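*Asks:* Predicted model and sequence follow; I will ask about them next.
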Amino acid sequence: MPEHQADPSVDWKDEIVVELDKEQANHTVEEDITEAATSQSLETLSASEETSSSEAVLENQVEVLSTTEVASQSNDPRFESLMADYYAKKAAVAEAAERGETLSFEAMSTRQVQELSKENAPASTLEIEETTEEKYNRSLKKTRTGFAARLNEFFANFRKVDEEFFEELEEMLIMSDVGVTVATQLTEDLRQEARLENAKKPEDLRQVVIEKLVDIYEKDGVYKETINFQDDLTVMLFVGVNGVGKTTSIGKLAYQYKNQGKKVMLVAADTFRAGAVAQLVEWGRRVDVPVVTGPEKADPASVVFDGMERAVAEGIDVLMIDTAGRLQNKDNLMKELEKIGRIIKRVVPEAPHETLLALDASTGQNALSQAKEFSKITPLTGLVLTKIDGTAKGGVVLAIRQELDIPVKLIGFGEKIDDIGSFNSENFMRGLLEGLL
């Protein structure tokens, strides 16, 4: 596998620590690559990673709606009709926007959903290969189970709609990691809906909760979720703290894009972590794409410059740049990313075409805090949501959407090399909310 060396121009005293992604699996590709990268480094592997058991505690506490019960409702025709109606409206708005027209995007009507019996639901068929929609359902299993269990338990405990009902609902939503802003807005919207509909029973508002949660993410119905690919070179800059799965995501995307027939190149610009460089090099070897590297503690911008020039010269389609994630030193990180940005534009003025922040979904509201901090450091075009399959905190996507208005563009479904894909809000919301009707 070809590599390219860049000259160092700075001499920072950062401690070199090998912090490889620690997504656990039994002999998965990530595990193999982590082991290979570790063997290349001369430093000692840091294993000081705290393990949280909060999600396990949550699953033990919530017993009202089991995973089996949630899965049994996944083909509820009422839910399918509700979501189909919503996203048909969204598609109409998007088509109108392309024609230069403007359509109002209204919430789904709670009074127009046909009440169908579950006996009429289509029989499930056995799929040999997992579809994208099935990946969403699988990945959001923990989030859906915890969220649905909380909500169903909540509705079961109340017999009337009063102020106590709304106060308890707001607290429950906050505990479900949708964020304070989302919880407050949703509760206020339900208060207004209850007055308009003269709702007396909590069950009268169950469907409205689904509608409002979808509305919070979709907003006006037009939201660009796709990668901004160019006809020639597409430059993708990846940022994020260490350990969130940033480098692993780049490796998986390299595999995916290469299989699509694209010429891919990687740049290891996190030059102060020997483990990060070694891991990206190993990914390049595994998926057979070139990786541009530099000496230890080389100026990251100089490595990026070499990568940019080489990508242009070799007719590369997709160039993905891995950067440092030292959020604790924000001033230096900001200067570093600004310099990298200037170097990129010196070669390709309109690049980078994407600046993507990798976030570990399992960190819940901490992911929101990281998104806020990085949005102050550099302009972000989208998010890469990782480790969604191992957490019950997928609701943080709603909080990030509401507070920062940054779209999720890529999502990691699991540990396999093909467990990453373009984010689809419809599939995500279906996977998140199924079982609530």
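*Replies:* Received, thanks.
*Asks:* what about the strands in this structure?
*Replies:* Using DSSP state E, the strands found in the chain span residues 3-4, 234-239, 264-268, 291-292, 318-322, 354-360, 382-386, 408-412, 420-422.
*Asks:* quick one: average confidence on stretch 147-154?
*Replies:* In this model, stretch 147-154 has a mean pLDDT of 75.
*Asks:* no, scratch that, I was asking about stretch 264-281
*Replies:* In this model, stretch 264-281 has an average pLDDT of 91.
*Asks:* Give me the buried positions along that stretch.
*Replies:* 264-281 (16 or more other Cβ atoms under 10 Å). (Glycine included, C-beta is placed from N, CA and C.)
*Asks:* Am I right that residue 420 is in contact with residue 256?
*Replies:* Yes: between residue 420 and residue 256 there is a contact at 6.6 Å, judged by Cβ atoms under 8 Å.
*Asks:* The two: which has the busier surroundings?
*Replies:* Neighbours per residue (other Cβ atoms under 10 Å) separate residue 420 from residue 256, with residue 420 holding more: 23 against 19.
*Asks:* contacting residues for the more buried one?
*Replies:* 249, 252, 253, 256, 410, 411, 412, 413 (Cβ atoms under 8 Å, 6 or more residues apart in numbering).
*Asks:* Could you export the residues you listed to CSV, including columns for distance to residue 135 and pLDDT?
*Replies:* Formatted as CSV, the contacts of residue 420 follow (distance: Cβ to Cβ, whole Å; pLDDT from 0 to 100):
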residue, distance to residue 135, pLDDT
249, 15, 95
252, 13, 95
253, 15, 96
256, 13, 95
410, 13, 93
411, 9, 88
412, 10, 87
413, 4, 80
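*Asks:* So which of the residues you listed wins on neighbours?
*Replies:* residue 411 leads those on contacts (other Cβ under 10 Å) with 28 neighbours.
*Asks:* Sketch out the low-pLDDT regions of the stretch 51-200 of the chain for me.
*Replies:* 51-83, 86-87, 90, 93-94, 96-98, 100-130, 133, 136-137, 139-146, 148 (pLDDT under 70).
*Asks:* ok, now with 50
*Replies:* Across the stretch 51-200 of the chain, the ranges flagged by pLDDT under 50 are 51-74, 105-128.
*Asks:* what's the closest of the contacts of residue 420 to residue 291?
*Replies:* If you rank the contacts of residue 420 by distance to residue 291 using Cβ to Cβ, residue 253 comes first, at 13.6 Å.
*Asks:* The closest one against residue 410, yeah?
*Replies:* Yes: contact criterion Cβ under 8 Å: residue 253 and residue 410 qualify, at 7.3 Å.
*Asks:* nearest to residue 375, of the strands of the chain?
*Replies:* strand 354-360 (7.9 Å).
*Asks:* Map the structural domains onto the sequence of the chain.
*Replies:* 132-221, 234-423 (the TED database).
*Asks:* a markdown table for these, including distance to residue 434?
*Replies:* Shown next, in a markdown table, are the domains of the chain (distance: least, Cβ to Cβ, whole Å):
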| stretch | distance to residue 434 |
| --- | --- |
| domain 132-221 | 6 |
| domain 234-423 | 13 |
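*Asks:* Report the contact partners of the residue lying closest to residue 399 once chain neighbours are set aside.
*Replies:* Among residues not flanking residue 399 along the chain, residue 179 sits closest, at 2.9 Å (Cβ to Cβ, 6 or more residues apart in numbering). Neighbouring residues of residue 179 by Cβ under 8 Å, 6+ apart: 365, 368, 395, 396, 398, 399, 402, 403.
*Asks:* now do residue 169
*Replies:* Counting by Cβ under 8 Å, 6+ apart, residue 169 has contacts 154, 187, 190.
*Asks:* repeat that with 6 Å
*Replies:* residue 187 (Cβ atoms under 6 Å, 6 or more residues apart in numbering).
*Asks:* cool, residue 333 as well?
*Replies:* Per Cβ under 6 Å, 6+ apart, neighbours of residue 333: residue 326.
*Asks:* shift numbering so it begins at 26
*Replies:* In the new count, where the first residue is 26, that last one comes out as residue 358.
*Asks:* Pairing-wise in the sheet, spell out the partners of residue 347.
*Replies:* residue 263, residue 293 (DSSP bridges).
*Asks:* Now for it, how many residues are close by?
*Replies:* 28.
*Asks:* right, and it touches residue 305 too?
*Replies:* Yes: counting by Cβ atoms under 6 Å, residue 347 touches residue 305, with 5.5 Å between them.
*Asks:* Between the two, which contacts overlap?
*Replies:* Joint contacts of residue 347 and residue 305 (Cβ under 6 Å, 6+ apart) are 272, 293.
*Asks:* Okay, now the unreliable bits of the stretch 326-462 of the chain?
*Replies:* Going by pLDDT under 50, which is the cut-off in play, the stretch 326-462 of the chain has no low-confidence ranges.
*Asks:* can you map out the helices along it?
*Replies:* 355-372, 390-402, 421-429, 450-458 (DSSP state H, counting those that start in this stretch).
*Asks:* With distance to residue 261 added, can I get those in TSV?
*Replies:* What follows is the helices of the stretch 326-462 of the chain, written out as TSV (distance: least, Cβ to Cβ, whole Å):
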stretch	distance to residue 261
helix 355-372	11
helix 390-402	15
helix 421-429	20
helix 450-458	21
